[in-house]
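**Q** what's the 3D shape of this:
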Amino acid sequence: MAVHLKPALIAFTLLTLGWTLASRAQDLGQPAANPQQNEASKAAEPGSNGTQPSGHHPGSISGTVVDQSGAVVPGAEVQLNVQLIDKPPASDQPAVQTVISGSDGQFSFTNVPPGPFQLTVTSAGFSPQTVSGTLNSGQTNTVAPIMLAVATRVTEVNVSLTREEIAEEAEVELKIEEKQRVLGAIPNFYVTYNPNAAPLTPLQKFRLAARNVIDPFTFVIVGGTAGIQQAQNHFRGYGQGSEGYAKRFGAGYADTVSGTFIGGAILPALLKQDPRYFYKGTGTFRARALYAIANAVICKGDNRKWQPNYSNILGSLAAGGISNIYYPPQDRDGATLTFENAAIGIGTSAIYDLLQEFVIRHLTPKVPKDPSNPETVHN
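**A** Numbers count the residues shown, from 1 in each chain. This next block holds a predicted model:
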């Protein structure tokens with residue numbers, strides 16, 4: 001009996017051991033006989049070896065900064081702000097990065113976590129610009145050119161020019177004025193078409209006066225006037241013939257020299273006033289006419305502010321007083337002649353300014369196209 005039970009007991013023991021091992025393997029949730037599959041499963045677990053989960057690979061963002069004309073803007077500061085999504089705690093990638101655009105205006109950010117982002121671009125003289133977007137996993141995102149607009153609010157900087165710099169600016173304008181001639185012949189030096197013309201220095205005022213009185217056409221005008229006076233026997237104390245004509249010519253030229261230098265150089269230099277007419281060119285006919293007439297008694301000072309034109313008024317009186325020295329005794333009437341000549345001088349200035357405002361500019365070949373830009377001259 002014992003001999004026959006031993007093989008059966010061995011078989012029962014082996015069967016029981018196999019069933020126990022199978023149950024144990026099932027409780028562990030994996031086959032006991034496949035260790036390679038167990039290792040592969042471990043390797044597939046998220047974060048088990050420090051790598052990011054699938055679908056969250058970093059990418060890059062690049063672009064170009066330009067201005068409104070399309071020209072590249074180098075040296076612009078570009079700030080990247082990333083809204084992190086599922087960022088691994090162990091990552092040291094900053095949420096905000098900053099780069100400077102290169103000489104070609106281009107910028108680039110690498111190793112950028114996927115998700116929403118915002119680019120803020122700033123540069124001196126331009127208004128800040130913001131661009132938003134979303135970076136997908138592993139994406140190389142090239143944003144459209146970021147256009148910067150010129151800043152609408154500019155910090156006011158008060159820069160005072162030196163006397164030398166003001167003189168140089170006035171010299172440029174003066175050279176333009178010395179080329180201005182009505183019909184290409186008659187001097188038209190005492191007008192500026194630049195409303196912001198730099199004030200003349202005392203030396204430049206004297207130079208402009210001298211340039212006017214020695215101009216050949218000035219002698220033509222004085223000579224013609226003397227001829228008319230002689231034909232009408234005006235200032236008969238001078239007589240007739242060549243001697244009478246010479247006296248009339250000399251008196252007329254003396255009037256021109258004294259009036260030009262006293263009213264256009266000496267007094268403007270002493271009183272710091274500008275002897276030129278500042279062309280208006282805009283507004284209604286009535287407004288321009290009143291402006292022109294008023295310029296006979298008002299002017300711009302060297303401080304570029306309007307003030308009474310003492311130079312022209314006193315200059316006319318002074319010239320009228322001086323004329324009593326060389327006019328014939330019977331044509332001298334003391335104060336009466338002086339004030340008559342002064343009134344004539346002021347009235348002549350008003351007529352001259354009206355012609356300047358409405359007529360002379362159209363007859364002067366070399367004047368600025370744009371009254372605000374004396375550098376733009378047409379022939």
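
**Q** any idea how far stretch 67-78 is from the middle of the chain?
**A** In terms of C-alpha atoms, centre = their mean, to the nearest Å, the centre of stretch 67-78 is found 18 Å from the chain centre.

**Q** mind exporting it as CSV, just the C-alpha atoms?
**A** The C-alpha coordinates for stretch 67-78 follow below in CSV (Å, rounded to 0.1, in the frame of the first residue of the first chain):
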residue,chain,number,x,y,z
ASP,A,67,9.5,100.0,-38.5
GLN,A,68,6.5,101.5,-40.4
SER,A,69,8.5,101.8,-43.6
GLY,A,70,9.6,98.1,-43.4
ALA,A,71,13.2,98.9,-42.4
VAL,A,72,14.7,96.5,-39.8
VAL,A,73,15.0,97.8,-36.3
PRO,A,74,18.3,96.6,-34.6
GLY,A,75,18.8,96.8,-30.9
ALA,A,76,15.1,96.3,-30.0
GLU,A,77,14.4,94.5,-26.7
VAL,A,78,12.2,91.5,-27.2
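
**Q** run through who's touching it.
**A** With C-beta atoms under 8 Å, 6 or more residues apart in numbering as the test, stretch 67-78 has contacts from 63-66, 98-107, 119-123, 126, 147-150. For glycine as for every other residue, the C-beta is placed from the backbone atoms N, C-alpha and C.

**Q** one more time with 7 Å, if that's ok
**A** Stretch 67-78 is touched from outside by 64-66, 98-105, 107, 119, 121-123, 147-150, with contacts defined as C-beta atoms under 7 Å, 6 or more residues apart in numbering.

**Q** pull out the buried members of these.
**A** Thr64, Val65, Val66, Ser101, Gly105, Phe107, Leu119, Val121, Ser123, Met147, Leu148 (16 or more other C-beta atoms under 10 Å).

**Q** with distance to Ala226 as new columns, can those be given to me in CSV?
**A** Listed next are the buried ones among the contacts of stretch 67-78 as CSV, based on distance: C-beta to C-beta, whole Å:
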residue, distance to Ala226
Thr64, 74
Val65, 72
Val66, 69
Ser101, 74
Gly105, 71
Phe107, 78
Leu119, 80
Val121, 74
Ser123, 68
Met147, 69
Leu148, 68
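
**Q** wait, a helix at Ile262?
**A** Yes. Assignment of Ile262 by DSSP: H, G, I helix; E, B strand; the rest coil places it within a helix.

**Q** let me know how buried the closest residue in space to it that isn't next to it in sequence is, in neighbour terms.
**A** Nearest in space to Ile262, with sequence neighbours left out and distances taken as C-beta to C-beta, 6 or more residues apart in numbering, is Gly315 at 4.4 Å. A total of 27 residues lie near Gly315 under the criterion other C-beta atoms under 10 Å.

**Q** all strands of the stretch 101-250 of the chain, in order?
**A** Counting by DSSP state E, counting those that start in this stretch, the stretch 101-250 of the chain has strands at residues 106-112, 115-122, 129-135, 140-142, 146-148, 181-182, 186-187, 191-192.
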